[in-house]
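Novice: 3D, please:
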Amino acid sequence: MDKRENILFTDTFEAKEINKEGKVFDRVSRIDGRSQTHDMSLILDINSELYPVDAGDKFKLTLASSLSLTDTKEQAAFGKAEANWRSYINGEERSLADDYDYVMFGRVYRYDDASGSKVSAFVSFGGLLMCLEGDIRHLQNFVVGDTVYLLMKTI
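Specialist: Residues are numbered from 1 along each chain as shown. Below you'll find the predicted structure:
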């Protein structure tokens, strides 16, 4: 696992099913996946036009508090950090996004720890939703209200 302070979680997943309950939106697919290392389950909505995924595909998923390649964390709100996502997009600075195929920005809106050692972190990426569930050790750095970058690349 990446040792940088801004990396909240990273693992390789296999897409077990796509749109298990049917396709609702033209350009959105819902992935049901399972991680290979940490025994985590994932439900994730993605823009399938930008990043198509099929059942059986494997991908690396990383969740980070910033796109920075250093160990420092960005401040949560844009405009307060010296280097925000706009400087990365404009190519002014190298970032984590340079090594991935698909990137989204969102906010943790729920954290459910009612089942003891199994917890669920829920993140909204502008209406595309994610639920990551597994051992509390792997999700303990998720805080409701915090911003999160989701980065994916096909393996």
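
Novice: the helix or strand residue 119 falls within: partners in the sheet, and parallel or antiparallel?
Specialist: Using DSSP states H and E, the element containing residue 119 is strand 118-125. Applying DSSP bridges to the sheet, strand 118-125 is found paired with strand 102-115 (antiparallel), strand 128-135 (antiparallel).

Novice: which other helices and strands contact the helix or strand that the last one is followed by?
Specialist: Under the assignment DSSP H and E, the closest C-terminal helix or strand after strand 128-135 is helix 136-139. For helix 136-139, the contact count by 3 or more Cβ pairs under 8 Å, 6 or more residues apart in numbering; DSSP states H and E identifies strand 118-125 as packing neighbours. (Each C-beta comes from the backbone N, C-alpha and C, glycine too.)

Novice: residues of the strand it packs on that come out buried?
Specialist: 119, 120, 121, 122, 123, 124, 125 (16 or more other Cβ atoms under 10 Å).

Novice: same deal with stretch 57-68?
Specialist: Neighbour-count burial for stretch 57-68, counted by 16+ other Cβ under 10 Å, picks out 59, 60, 61, 62, 63, 64, 65, 66, 67, 68.

Novice: need the helix or strand of the chain with the lowest average pLDDT.
Specialist: The weakest-scoring helix or strand in the chain, judged by mean pLDDT, DSSP states H and E, is helix 85-89 (a mean of 55).

Novice: ok so, going back, make a markdown table out of the buried residues of strand 118-125 and add distance to residue 111.
Specialist: A markdown table is the format used below for the buried residues of strand 118-125 (distance: Cβ to Cβ, whole Å):
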| residue | distance to residue 111 |
| --- | --- |
| 119 | 7 |
| 120 | 7 |
| 121 | 6 |
| 122 | 7 |
| 123 | 10 |
| 124 | 13 |
| 125 | 16 |
